[in-house]
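Peer 1: what follows is a predicted structure for the sequence shown.
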Amino acid sequence: MDYRLMRMEVKVDARGKLVSLEGLKNIPFAIKRFYYMYDTIPDKERGFHAHRELEQLVIAIDGACEFVLDDGRSRDSVWLNRPDVGLYIGKKMWREMRNFSYGCKLMVLASDYYDESEYIRDYAMFLKEVL
Ligand code: T46
């Protein structure tokens, strides 16, 4: 399974906490895009796709949500619920996001620009491409 949870170094002082993310340093790819999700709805699921080439790092900077990750052979469930832990998702990994807490905010760093043609949004097609 090409995913992993990554613990980020936190700079702590009397004013609070700071996490710094740098492409090809503590993030395993060069960052070309940043997007974020907020006002997510607890009973509304997101995702249900894979990317052919894109790599991403997802951080729940506020709140929590569950990620289901699937490489075509098996499925894992991972909870994102800490602003100092990122979920790295490699290429060709099916993802589903569910169980958003109220007010969950997800920040995503991506290795490339948005390209809808690079998404695989059909699970049968995903299985055909990975197996
Ligand atoms: C992913 C998970 C974690 C854009 O116009 N530009 C963008 O950079 C993105 C990411 C999306 N969009 C458009 C495409 C759709 O019309 O925004 C709309 C919502 O995107 P989508 O339905 O793909 O959202 P999610 O939450 O299902 O998936 C997103 C990312 O698309 C995806 O890459 O891995 O978050």
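Peer 2: Yes, it's here. Numbers count the residues shown, from 1 in each chain.

Peer 1: hang on, A60 is in a strand, isn't it?
Peer 2: Yes - the assignment for A60 by DSSP: H, G, I helix; E, B strand; the rest coil puts it in a strand.

Peer 1: beta partners of it?
Peer 2: According to DSSP bridges, the residues that bridge with A60 are L106.

Peer 1: next up, the contacts around the most centrally placed residue in the chain.
Peer 2: In the chain, the residue lying closest to the centroid (C-alpha atoms, centre = their mean) is V58, at 3.3 Å. For V58, the contacting residues are F67, L80, G86, L87, I89, L106, M107, V108, by C-beta atoms under 8 Å, 6 or more residues apart in numbering. To be clear about C-beta, it is placed using only N, CA and C from the backbone, and glycine gets the same treatment.

Peer 1: reformat the residues you listed as TSV; add neighbour count, secondary structure and pLDDT.
Peer 2: Shown next, in TSV, are the contacts of V58 (neighbours: other C-beta atoms under 10 Å; DSSP: H, G, I helix; E, B strand; the rest coil; pLDDT from 0 to 100):
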residue	neighbour count	secondary structure	pLDDT
F67	24	strand	98
L80	21	strand	98
G86	25	strand	98
L87	21	strand	98
I89	25	strand	98
L106	23	strand	98
M107	18	strand	98
V108	16	strand	98
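
Peer 1: now narrow the residues you listed to whatever sits close to the ligand.
Peer 2: Residues of the contacts of V58 in contact with the ligand (C-beta under 6 Å from any ligand atom): V108.

Peer 1: that's all I had, so thanks and see you.
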